[in-house]
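[1] Structure, please.
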Amino acid sequence: MVHTTAIMNATSTKKDIDQLNEFLRGERSAVETYNQCIEKFDEPQMKDQLRALRSSHQKRVAQLESRITELGGKPDSTSGAWGSFAKLVEGGAKLLGKSPAINVIEEGEDHGKKLYDDELDSLTAGTRSFIVEHIIPEQRRTHDTLAALRRQV
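    This is a model prediction of the structure:
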């Protein structure tokens, strides 16, 4: 019985690590996309607001990396497929202007919010609690703040 419990715990931990790395790749992608979008704006106030949102994502990167390491995992160092997609779309948005750039970021915020909501129940209690307490409130805040900013552009 002890052996079976250890295997189940190891499997649950691996699932948590894999899911946390998926979240981490999304947060890295958000930081990359904000970096590209910030370049589009000349207005200091808009740049400051976008930098603050990027900073929130950078903080989440650090928090997720820390949690993955605590669980004995290795944090992914790239943004993965979503990052590649965001770069491709953002590259096109760079040619089009500010509004498309904000739309790309908003799409990423929507994607992140949905991902956290959809995958929350797949996590073990401790990791779920970490996500609910530390990550989701910031994700909702950046999502809502960006929606308000988009209306200004």
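
[2] any idea how far the residue positioned nearest the centre of the chain lies from I131?
    Residue closest to the mean C-alpha point of the chain, counted by C-alpha atoms, centre = their mean, is E27 at 2.6 Å. Look at E27 and I131: by C-beta to C-beta, to the nearest Å, they are 12 Å apart. Every C-beta, even on glycine, is put in place using the N, C-alpha and C of the backbone.

[3] what does T142 give?
    Counting by C-beta to C-beta, the gap from T142 to I131 is 15 Å.

[4] Check G80 too.
    For G80, the distance to I131 - C-beta to C-beta - is 19 Å.

[5] cool, and P75?
    For P75, the distance to I131 - C-beta to C-beta - is 15 Å.

[6] Next: V153.
    30 Å.

[7] These two: which has the busier surroundings?
    I131 (22 against 15; other C-beta atoms under 10 Å).

[8] if I pick the more buried one, what's in contact with it?
    The contact partners of I131, by C-beta atoms under 8 Å, 6 or more residues apart in numbering, come to F23, Y116, L120, L123.

[9] For these, pick the one with the most neighbours.
    Neighbour-wise, the contacts of I131 (other C-beta under 10 Å) top out at F23, 24 neighbours.

[10] That residue contacts E138, correct?
    No - between F23 and E138 there is no contact under C-beta atoms under 8 Å: 11.9 Å.

[11] Backbone torsions only: list them for the residue nearest to the centre of the chain.
    For E27, the backbone dihedrals (degrees, to the nearest 10) come out as phi -70, psi -40.

[12] And the pLDDT at it?
    At E27, the pLDDT value in this model is 94.

[13] try Q63
    98.

[14] Can you tell me the closest non-neighbouring residue to it?
    Of all residues not flanking Q63 in the chain, H134 sits nearest, at 5.6 Å (C-beta to C-beta, 6 or more residues apart in numbering).

[15] try H57
    Using C-beta to C-beta, 6+ apart, the nearest residue to H57 is A30, at 4.2 Å.

[16] Check which helix or strand the one you found maps to.
    A30 is part of helix 2-38 when elements are defined by DSSP states H and E.

[17] Helix or strand next in line after that helix, which one?
    Taking DSSP H and E, what comes next after helix 2-38 is helix 44-70.

[18] Test my guess that R150 contacts A101.
    No - the pair R150 / A101 is not scored as a contact, 10.3 Å apart, by C-beta under 8 Å.
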